[in-house]
Each structure stands twice: as structure tokens, then as C-alpha cells.
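Enquirer: Return atomic coordinates for the entry below.
(4 chains)
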There are 2 protein chains.
Amino acid sequence: MTRKSDPARSNIRDVAARAGVSAATVSRVLGGVYPVSQQTRARVVRAVRELNYVADARAKAIAGVGTPTLAFVLEDITGPSFALMAYGVEREAARNGHLCLVCGTEGDVRQETEFVEMMRAQRAAAVILVGGTADTPEYRERTRRMADLLASVGSRLVLCGRPPLDAGAPVTVIEYDNESGAHALVAHVLAQGHSRVLFLGGRPDHTTAQGRERGYVSAHRARGVDVDPDLVLHGDFTRDSGHRLMRRALADGLDFTAVVAATDMVAAGALTALHEAGLKVPDDVSLAGYDDIPYARDLYPALTTVHVPYEELGRVAVRTALGRAPGASDEHLLLGTHVVVRDSVKPPKDMR
Amino acid sequence: MTRKSDPARSNIRDVAARAGVSAATVSRVLGGVYPVSQQTRARVVRAVRELNYVADARAKAIAGVGTPTLAFVLEDITGPSFALMAYGVEREAARNGHLCLVCGTEGDVRQETEFVEMMRAQRAAAVILVGGTADTPEYRERTRRMADLLASVGSRLVLCGRPPLDAGAPVTVIEYDNESGAHALVAHVLAQGHSRVLFLGGRPDHTTAQGRERGYVSAHRARGVDVDPDLVLHGDFTRDSGHRLMRRALADGLDFTAVVAATDMVAAGALTALHEAGLKVPDDVSLAGYDDIPYARDLYPALTTVHVPYEELGRVAVRTALGRAPGASDEHLLLGTHVVVRDSVKPPKDMR
DNA sequence: CTGAAAGCGCTAACAT
DNA sequence: ATGTTAGCGCTTTCAG
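Expert: Reported below is the predicted structural model:
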């Protein structure tokens, strides 16, 4: 028995039949600009309406005229900075008539690899991978392979805030400048007169965390103040990590007058711990964050932090991805950041 | 000239040729379970690897074996509660082997309609529409039409936190209980001894806002305290709205000892305004929010609010959507909420 | 201006 | 176990 399709779903031939024309004609009137007589066009349009017909986008795709698709692969869309990027990506994709697929990986390499392979099968125009990771040989190899595979089907890999690959890989990498952002921020804190500033960092092998930590160190060096290794703590980029680290620092009786957190979320956790300990910010201790997530200014006190143009990052990612030839070799963009001064950093007590 | 495809992209026939078998055989070994001799299988697998072949998912789709897709349409993925739902939707979609398309509408009806039509063309398994709106006849009509159109291609519309349609529409609607959540919250506030509680509401025609406002009113009624109409203000669900409304209330010299905001974002804005005015929460005035977004507990003081199971909402949405027959008529789920007591609500001064 | 037919890349029924 | 042949739903030559 020939697989007769569901009577509800009408296809181009149903429309053609109802309009008394050929499928080719229907395709033409729907296509837009091909010359068709008023008569026929009207009949076809009518049939289309009566049948509520829409051409199957997948069929169009394989015939070469589909809606292009873009994929956005990230760890967890719930993080405010990721959400901002997702927003940028989606908006820019829509602006360019692209559909936008999202995939969460929970930081799991297997899921990431599987998703990318699916996107390759989907013939996605580009796959945007976001979020820092450890920059290991394994990472480079695996990612290089994904880039090549994607390129082989005419797609393109975009790395956003991820370590770049070896030269020649068919990828676009877009980063924001973690090191100089952190440098500027810490310089600001030091300039207020602090000399013992606690750093609440991320995973030691995570490139984003590393960049920010380098900025912390270089700012000290630039000002000629030593960094006390005891003052740099490691955790991850979550609120809970900030909370835990801060409590521990307090319990350990660490000596500091300011704290710089690797992300605003970490700062939020730290702030709560500080409050719990009965410490006032910025009167007793200054606090700064990083990312400038929307909630930063609603913390109390409003958080001094580094603004990262996440939404723009997302937009740029799709723009350059779509602008590039698929097989083109690597390209590297670095977006700037700037510190935004709010109320959480003040000179230390003994300087007032 | 026959449209010879890009030599880089290899198709099933290239693989077949290289392995010295027919396309059908390749399809079979890739398909998995169909009997193929070890010999052939090995050769095919080899050819596949050498060519980095992946079957075109769109072609598979029209042949009837594609990866199903799910669409998530929302106003702005940047809002924390939306992000949470998006997370739930994406995770549950992935768990079920579905791809997840997201579309932002910026609250624009035109964009929404266009997206839904695109999804119909994509033959998405389901389209999940989220976020309250005004429940007008226009809304019902337009949405009913979308539901019918979707149903006509075997897809299904899911309304999440949106006003339900008239009976018989092929939709699934999943709501969270705004009214009783607000009722419980306001009852809690009143129970602390407050009798003049300011309500920072949303758009008067917005169903979510209405539900929460009804809860505010009914809680008063239940306790036999009159609501002063001057104490219910309208804005929208943003942080800025909360800030503005709160400032105005203060400037106008409104008399109240507690404020209940229609969302946590509104509460965050209000809290900032309160701080700016030198008022202490909860010592001078109590404050409560709604939604229990992740940042609620990092506000200072930690915000008493109503927990809405947003992630679960997303998961339930896809589960029921996928579980339902496409043309099935309406179904209505109501998810419960509960108040989470933190530090921002205390008895009023004169009660201590 | 319109239709017949070939093709896009894949799968499945039908033969061997 | 494998190849041949129809499809799937659409677009686009190629002929009129």
C-alpha cells in the first residue's frame, strides 16, 4: 500500500488540483515574482486559503530554498549573561530571517558533541558555542574536529568567549577582554586606597577565570603592590560559590579591606555572606563584581562592576558568522569592556 | 546543466559509490537494525567515516524519519522567569530527542503570528507560547486561529501562563495560580499586622497582573480589611516600573507600612527606591515580591515572595504537548505556588 | 503563461 | 542480504 499522507495535511498537489493548475504553477505564485496571470494567481491564492496551505519548510530546504537555521549551544540558559547573549543571538538571527535553535549542554562534553553533530545534520548555517572552558589539548582537538566537520557541510563554528584554536581552523572566535577588564576594575579598587583585596575566582583551569585573575594580578603589579597568594580563592562562577568562599574567608580571619569577585553572581553570594556576618558594604568592606548583569544595580549597595556587552556579543557572533564564507579560515574579534562605578567600592576605613 | 551539488557535501550516493553498494544499503546500516552482513557494514561504515558523512536531517524529515522539533515563543528570554521556563522546555525537549527552536517576539503580535506560521511550515511538533497578555476578543480569535492552523498540520499549540481559549479549541493551557499565590502572600503580610499595604501592580489588562491583583483584594476581604483604592498602583512587570511607582508613592506621601510587588523585578526596583529614600526594609516598611526568581534571595534583605515553578512549567508544557494527540481538544492544567518567607516582611513598627 | 518531468537527499516497499 | 524502484513535498529546468 502506498503511504497515503494524512488527509488533513494538504500538499502542493492538493492545492494545484483544487485550483485546477499544475503544482509548478502553485509553486510559482507562492514563490512570488515569477510571471503568472491574474486569473490563475487568484485561483491559486484562493485554493491556498481554503486549504490553509503552507509549504513544508523542510521540503523547501532540500530543494534549496529553505529558511536557514542557526544554532546556539550553551551550558545553561538560566545564567543572566548567557541569557543576554541568547537574546542577542536570537534577535539578530530573526533580523536576518534565520531560525534559532538552542541547546543546553549542562557543561557536558558528550552532549555538546552530540548537539553539534545534530546541527551538522540539520545543515545549520552556523553553530555558536559559548562559555569559557579549560584550554586543554583535548579541547583544541575536539573543537578543531567539530569546526572541520561543520565546515565540510558548509556550516561554520563560532566560538564565543571560548579559547581560540590553532591557526588555520575554520572558526570565528569572539572574545571579550577579561584581562583588561579585570585590570581596570582592580586598578580602580587599588586607587581607592585598598591594598589587601580578596579575589573570589573561578575554576583555575577555566580560561575566563584565568583572564580575570591575570587582570587582578597585573593591576597589582602595575601599582607596585604585592599580591598575597592567600588572598586569591578559587571556586566557580555561581552565587553559591561566592557565598561559600566569602564565609570561609571570614571564618579564616583573612585580612582584607576589599573583595573583587570573578562574576556578579559570585559577588551576590559574597554580599549575602557579608551581610550575614554583620559587615557593611562599602563601609566595612568594599565589593566589586564582573559582568554587569541587570541585577547588579539592584543589589544593595549597587554593585561596582565591569560591563561586558553580552547582547552585542551575541549579535556580533551571528553577524560575522553569516558574513563569512563557510570554509574561511580563522578570524578573531576582541570586544572591549569598561568598569561601571556604583556604590559598593569606597576607600578603606583608615583612609577616610 | 544539472545542478551538481557542492563536491564538499557528500550525500548518501557518494557513500554508496565509495563503499561499492547501493544507497539503500547505506541507509540500512545507518538506520541501525536492518540485517546487513558484517562485510558490507564494515565497508559502509568506513566510507561514511572517510567522507565525514551525516545524513541530511531535512531530507530524512520529509521522508518521515526526522528529528522532531519544538518551538518556544516568548517575549524576551532575558527575563529571569522566562529564562527558567526556557531552560525547562529545552531540557525536556532534549530528553525526548526533540530540537528546540526559540523565538522572541518583543511582545509584538505581528512577530508572534509570523513565527507561529513559520513553525507551522517547519511542521514543529508543538508550539509553546508563554507570557500573560490582555484577554481580549481579538486575542482569543487570533489565538484560536493559530491553534486551528497548527492542528491542521498535526502540530499543537500550548499556552503557558496565557489566558485560555473558548472550549473546544485544540490547545493545551498550563497556568500557575496567580490569584491564590497572591492571596496567600498578602494574607501572610496582613497576618503580620499590616493593614495598609501598597500594591505595585502590572498592566491593568494583563491577565497575570489581574490574577495577582485579585489575590491581593481577596486576601483583604478574607481578613475583613478594606482595600484603599489609592494603594493599588499600575505599571508593568519591569524593575524600572517598580522603581518609578515606589518613588511616586513616596513622593505622594501615601500611607502604608508594607508593599507587595506584582513581580520580584518590580520589588527589586521598589527596594532600590526605598533605599534611596533612606527607608529600611523591613524595619521601616515591609516588602514582598512574586515569582521567586533566583536573585530574590540575594536582595538585601532577602525577599519574601511566592515561588512559581517556572522550570517545571516548561517541562510540563513539553510533556503534555508531546503526550497529546494533535487534534485533541482543550486541556487545562493549573500549577500550584507557595509563599517563601524570607527576611523582607516583618510586623509593622507599632506592633513590635 | 503554463505543464511535464527531473531532481534535491533520503527511506521503505518490493523484488531477488 | 542486497539492489531497484517508488515515493516524501517542493523547485526548477525544459518545452510549448
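Enquirer: Just confirm A:Leu51 contacts A:Ala16, I think it does.
Expert: No. Taking contacts as Cβ atoms under 8 Å, A:Leu51 lies outside contact range of A:Ala16: 10.6 Å. From N, CA and C alone the C-beta is placed, and that goes for glycine too.
Enquirer: From DNA strand D, how far off is the residue of chain A found nearest DNA strand C?
Expert: Residue of chain A nearest DNA strand C, by Cβ to the nearest atom of the strand: A:Pro35 (2.6 Å). A:Pro35 is 10 Å from DNA strand D, where distance means Cβ to the nearest atom of the strand, to the nearest Å.
Enquirer: go on, A:Arg43?
Expert: 16 Å.
Enquirer: ok, now A:Arg49?
Expert: Note on A:Arg49: its distance to DNA strand D, by Cβ to the nearest atom of the strand, is 15 Å.
Enquirer: Can you pull the poorly scored residue ranges out of the stretch 151-300 of chain A?
Expert: The stretch 151-300 of chain A contains no residues with pLDDT under 70.
Enquirer: Quick check: residues of it near chain B?
Expert: A:152-154, A:239, A:268-269, A:271-272, A:275, A:294-295, A:297-300 (Cβ under 8 Å from any Cβ of the partner chain).
Enquirer: May I have the secondary structure class of the residue of chain A closest to DNA strand C?
Expert: Under DSSP: H, G, I helix; E, B strand; the rest coil, A:Pro35 falls in the coil class.
Enquirer: What count of nearby residues applies to it?
Expert: Using other Cβ atoms under 10 Å in any protein chain shown, A:Pro35 has 6 neighbouring residues.
Enquirer: measure A:Phe199 to A:Thr272 for me?
Expert: Plainly put, A:Phe199 is 18 Å away from A:Thr272 if you go by Cβ to Cβ, to the nearest Å.
Enquirer: Then A:Leu322?
Expert: Applying Cβ to Cβ, the value for A:Leu322 to A:Thr272 is 42 Å.
Enquirer: quick one: the strands in the stretch 201-350 of chain A?
Expert: A:232-234, A:258-261, A:286-288, A:305-307, A:331-335, A:338-340 (DSSP state E, counting those that start in this stretch).
Enquirer: Give me the mean pLDDT for the fourth one.
Expert: So the one you mean is strand A:305-307. Throughout strand A:305-307, pLDDT has a mean value of 98.
Enquirer: what's the answer for the longest one, then?
Expert: Average pLDDT, strand A:331-335: 90.
Enquirer: Give me the contacts around it.
Expert: The contact list for strand A:331-335 (Cβ atoms under 8 Å, 6 or more residues apart in numbering or on different chains) reads A:164, A:171-177, A:308-309, A:312-313, A:316, A:320, A:324.
Enquirer: ok, and the most crowded of those?
Expert: Among those, the one with the most neighbours (other Cβ under 10 Å) is A:Val171, at 28 neighbours.
Enquirer: Does it touch A:Leu159 like I think?
Expert: Yes. The criterion here is Cβ under 8 Å, and A:Val171 meets it with A:Leu159 at 5.7 Å.
Enquirer: burial count for A:Ala55?
Expert: A:Ala55: 18 surrounding residues under other Cβ under 10 Å.
Enquirer: Name the SS class of it, please.
Expert: Recorded secondary structure, A:Ala55: coil (three-state DSSP).
Enquirer: For it, give me the pLDDT.
Expert: Listed pLDDT for A:Ala55 reads 97.
Enquirer: For it, give me its contacts.
Expert: Contact analysis of A:Ala55 by Cβ under 8 Å, 6+ apart lists A:12, A:30, B:121.
Enquirer: ditto for A:Arg297
Expert: A:303, A:342, B:272.
Enquirer: Among these, which ones are in helices?
Expert: Judged by DSSP state H, the subset of those located in helices is B:Thr272.
Enquirer: Counting neighbours, which of the contacts of A:Arg297 comes out on top?
Expert: A:Leu303 (28 neighbours).
Enquirer: That'll do, ta.
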